[in-house]
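Asks: Fold the following and give me the result.
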Amino acid sequence: MKRAAFLAVVIAGTLAGSSASPQAPSSSNANPVAARGAYLVTLGDCMPCHTAAGQEQFAGARALNTPFGVVYSANITPERETGIGNWTSDQFYRALHEGIRADGAHLYPALPYPYFTRMSRADTDALYAYLMTLKPVRKVTPPNKLPFPFNVRALIGVWNAMNFKEGEFQQDAAKSSEWNRGAYIVTGPGHCGGCHSPKNFLGGDETSRPLGGGLLDTWFAANLTEDPRSGIEKWTPDDIVEYLRNGRNARATASGSMQEVVVYSTSHMSDSDLAAIAAYLKDQAGRGEDRDQPRPQAVAMRAGEAIFVDVCTACHRSEGKGVPRFFPPLQGDSTVQSRDPTTIIRIVLEGSQSPPTDGRPTPLSMPAFGWKLNDQQIADVLTYIRNSWGNRAAAVEKSAVVKLRRESGTGTALTSALALPFPDAADSVGSNGPTVMTRNRHNQRLSGG
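Replies: The predicted structure follows:
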């Protein structure tokens with residue numbers, strides 16, 4: 001039975017599609033500045049956030065759920081009335097560096113200008129040049145659905161005073177050119193901390209814990225520091241490059257929001273930029289996110305072990321070692337041992353599918369268990385996984401599963417197969433697309449537009 005289950009998952013992943021991954025913006029432009037801008041669009045992962053499902057690229061109107069209400073991304077095509085066709089390069093630079101629109105109003109900071117402010121003028125000009133080559137699309141951005149006082153843009157000035165520091169990136173002379181390039185990407189156009197840094201009650205970054213992991217829209221973005229259990233201390237630079245290039249490596253497979261980042265951004269980056277990102281991340285000291293936890297109750301561990309043996313070992317093996325690059329190992333996994341179990345709860349509830357990339361074009365699937373396991377059983381099996389084979393993390397409470405099942409709308413079946421942002425993307429990734437490709441990349445901030 002276990003062998004049959006193992007083969008069923010492999011076959012399901014194969015049938016899901018083996019085409020090449022969706023393409024990033026093309027850099028085949030006669031204007032070399034615009035061509036560089038196309039690559040910067042890839043670095044910044046701009047296209048997915050500014051494209052509503054099934055609609056014209058870059059025309060905005062993508063709904064983003066935030067803790068403060070629903071907001072919509074802006075039309076950044078060169079259409080003059082509903083887009084940025086009347087903007088000058090100076091106005092565009094000010095938007096990215098100060099968070100101020102062409103009409104002088106504040107942008108909401110999920111347009112991640114707290115990161116884009118570090119971009120050079122040459123890079124923002126190149127980005128502007130590329131956007132001006134796009135097909136103009138007349139598309140009015142729907143009004144945001146924000147309650148008072150969040151609908152008062154002028155109050156963003158107060159937010160900025162507390163959470164925003166303007167200024168271009170300054171190189172560290174004590175570090176290598178590769179490290180500085182990685183720092184520029186991660187803290188600038190890549191805006192990695194927008195998801196991977198913890199947030200304060202206003203949605204701003206907790207500056208004392210950069211890249212220490214953050215909760216967003218019922219996903220937990222991983223700790224990218226050198227914390228030994230919940231971070232990437234055990235990852236080599238090559239591991240990081242492989243993960244960003246292919247969406248999986250011998251240690252992990254991308255899930256949740258990170259699938260979209262891989263498919264539309266990191267898988268299209270240059271080898272040198274991926275190596276630079278790895279060099280920078282491997283120099284980020286642990287943030288003390290690994291905390292000693294009391295041992296789980298024996299009854300939960302016994303129940304969890306029985307469930308694990310019954311439904312998990314076919315793929316993840318009895319020792320939790322998985323099948324590297326096919327079924328991720330659970331032993332020593334940083335997401336498994338994260339301080340916040342949200343991501344692993346959601347994966348068990350909904351299932352998951354590896355993102356299709358040129359390097360790994362065939363997605364592999366994990367089935368949903370939300371229909372099969374009740375909330376207590378999911379809590380028990382995850383508690384067992386988080387505390388076996390040398391793993392150590394807090395027990396998962398039944399209440400956390402109940403809450404997430406309700407908030408994510410999972411119900412009793414796989415419900416997270418969201419439509420991809422582009423009409424032709426489904427053909428590239430299979431009939432169902434990545435099952436957990438979420439749209440709400442910046443939900444811990446209010447969206448720009």
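Asks: Which parts of the stretch 301-449 of the chain are strands?
Replies: For the stretch 301-449 of the chain, strands defined by DSSP state E, counting those that start in this stretch occupy the ranges 352-353, 365-366.
Asks: could you say what helices and strands the last one packs with?
Replies: Counting contacts by 3 or more CB pairs under 8 Å, 6 or more residues apart in numbering; DSSP states H and E, the secondary-structure elements packed against strand 365-366 are helix 2-15, strand 352-353. (Each C-beta comes from the backbone N, C-alpha and C, glycine too.)
Asks: how much space between R346 and H196?
Replies: R346 is 17 Å from H196, where distance means CB to CB, to the nearest Å.
Asks: If you count surrounding residues, which of those two has more?
Replies: R346 (26 against 23; other CB atoms under 10 Å).
Asks: distance of the more buried one from T218?
Replies: Distance, R346 to T218, by CB to CB: 6 Å.
Asks: residues shared between the contacts of those two?
Replies: Residues touching both R346 and T218 by CB atoms under 8 Å, 6 or more residues apart in numbering: L404, S408.
Asks: returning to what we had before: out of the strands of the stretch 301-449 of the chain, which is the most enclosed?
Replies: Among those, strand 352-353 has the highest mean neighbour count (mean count of other CB atoms under 10 Å), at a mean of 27.
Asks: Who are the packing partners of it?
Replies: Under the contact criterion of 3+ CB pairs under 8 Å, 6+ apart, strand 352-353 touches strand 365-366.
Asks: May I have the phi/psi pair for R251?
Replies: phi -110, psi -30 (degrees, to the nearest 10).
Asks: dump the residue contacts of it.
Replies: Contacts of R251 (CB under 8 Å, 6+ apart): K234, W235, D239, Y243, P324, P328, P329, G332, D333.
Asks: What pLDDT does the model give the last one?
Replies: With respect to pLDDT, D333 scores 94.
Asks: Same check on the third one?
Replies: At D239 the predicted local confidence, pLDDT, stands at 96.
Asks: thinking it is in contact with R245, fair?
Replies: No. Look at D239 against R245 with CB atoms under 8 Å: they stay out of range, at 10.9 Å.
Asks: Please say which of these two ends up with more neighbours.
Replies: Legend: neighbour count by other CB under 10 Å for D239 and R245, higher for R245 (20 against 17).
Asks: What are the buried residues along the one helix or strand that one maps to?
Replies: Taking DSSP states H and E as the criterion, R245 maps to helix 237-246. For helix 237-246, a neighbour-count test (16 or more other CB atoms under 10 Å) marks D239, I240, V241, E242, Y243, L244, R245, N246 as buried.
Asks: average pLDDT across stretch 89-104?
Replies: Here the average pLDDT along stretch 89-104 is 96.
Asks: and for that stretch, what are the contacting residues?
Replies: 84, 86-88, 106-107, 109, 111, 113-114, 116-117, 119, 121, 124-125, 127-129, 131, 156, 160, 164, 166, 168, 448.
Asks: Stretch 325-338 now?
Replies: Outside stretch 325-338, the residues that touch it by CB under 8 Å, 6+ apart are 9-10, 213, 220, 222-223, 227, 229-232, 234, 248-253, 255, 290, 315-316, 319-322, 343-344, 360, 364, 366, 385-386, 388-393.
Asks: now those: which count as buried?
Replies: Among the contacts of stretch 325-338, those classed as buried by 16+ other CB under 10 Å are 9-10, 213, 220, 222-223, 227, 229-232, 248-253, 255, 290, 315-316, 320, 322, 343-344, 360, 364, 366, 385-386, 388, 391-393.
Asks: ok, now which ones touch A285?
Replies: Neighbour list for A285: T225, E226 [criterion: CB under 8 Å, 6+ apart].
Asks: what's the spacing between it and N200?
Replies: Remark: distance between A285 and N200 (CB to CB) = 21 Å.
Asks: can you check Y115 too?
Replies: 16 Å.
Asks: Who has more neighbours out of those two?
Replies: Neighbours were counted for Y115 and for N200 using other CB under 10 Å; Y115 has more, 22 against 12.
Asks: list the contacts for the more buried one?
Replies: Y115 makes contacts with T187, G188, P189, G190, H191, G193, G194, as judged by CB under 8 Å, 6+ apart.
Asks: Apply 6 Å and report the result again.
Replies: Contacts for Y115 were tallied using CB atoms under 6 Å, 6 or more residues apart in numbering; they are G188, H191.
Asks: can you tell me the helix or strand for it?
Replies: Using DSSP H and E, Y115 sits in helix 113-116.
Asks: starting at the chain centroid, how far to that helix?
Replies: Chain-centre distance of helix 113-116: 17 Å, with CA atoms, centre = their mean, to the nearest Å.
Asks: Could you export it as PDB, CA atoms only?
Replies: Extracted C-alpha coordinates of helix 113-116, given in PDB (Å, rounded to 0.1, in the frame of the first residue of the first chain):
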ATOM      1  CA  TYR A 113       9.300  51.700  -1.300                       C
ATOM      2  CA  PRO A 114      10.900  51.000   2.100                       C
ATOM      3  CA  TYR A 115      13.100  48.600   0.100                       C
ATOM      4  CA  PHE A 116      13.000  50.300  -3.400                       C
END
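Asks: what's the next helix-or-strand element following that helix packed up against?
Replies: Per DSSP H and E, the first helix or strand lying C-terminal to helix 113-116 is helix 121-131. If contacts are counted by 3 or more CB pairs under 6 Å, 6 or more residues apart in numbering; DSSP states H and E, helix 121-131 sits against helix 32-44, helix 89-98.
Asks: Contact partners for the residue lying closest to A126 once chain neighbours are set aside?
Replies: Of all residues not flanking A126 in the chain, G37 sits nearest, at 3.9 Å (CB to CB, 6 or more residues apart in numbering). In this structure, G37 makes contact with A126, L127, A129, Y130, judged by CB under 6 Å, 6+ apart.
Asks: export those to CSV and tack on neighbour count?
Replies: Below are those laid out as CSV (neighbours: other CB atoms under 10 Å):
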residue, neighbour count
A126, 24
L127, 29
A129, 21
Y130, 24
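Asks: In this structure, where is pLDDT below threshold?
Replies: Applying pLDDT under 70 to the chain picks out residues 1-30, 410-449.
Asks: re the thing from before, just put the strands of the stretch 301-449 of the chain in CSV and tack on distance to M47.
Replies: Shown next, in CSV, are the strands of the stretch 301-449 of the chain (distance: least, CB to CB, whole Å):
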stretch, distance to M47
strand 352-353, 21
strand 365-366, 25
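Asks: how about the strands of the stretch 101-250 of the chain, start to end?
Replies: 214-216, 219-221.
Asks: Check what contacts stretch 217-237 and list those residues.
Replies: With contact meaning CB under 6 Å, 6+ apart, stretch 217-237 is reached by 195-196, 211-214, 256-257, 278, 281-282, 284-287, 289-290, 334-335, 337-338, 340, 342-343, 404, 407-408, 440, 443.
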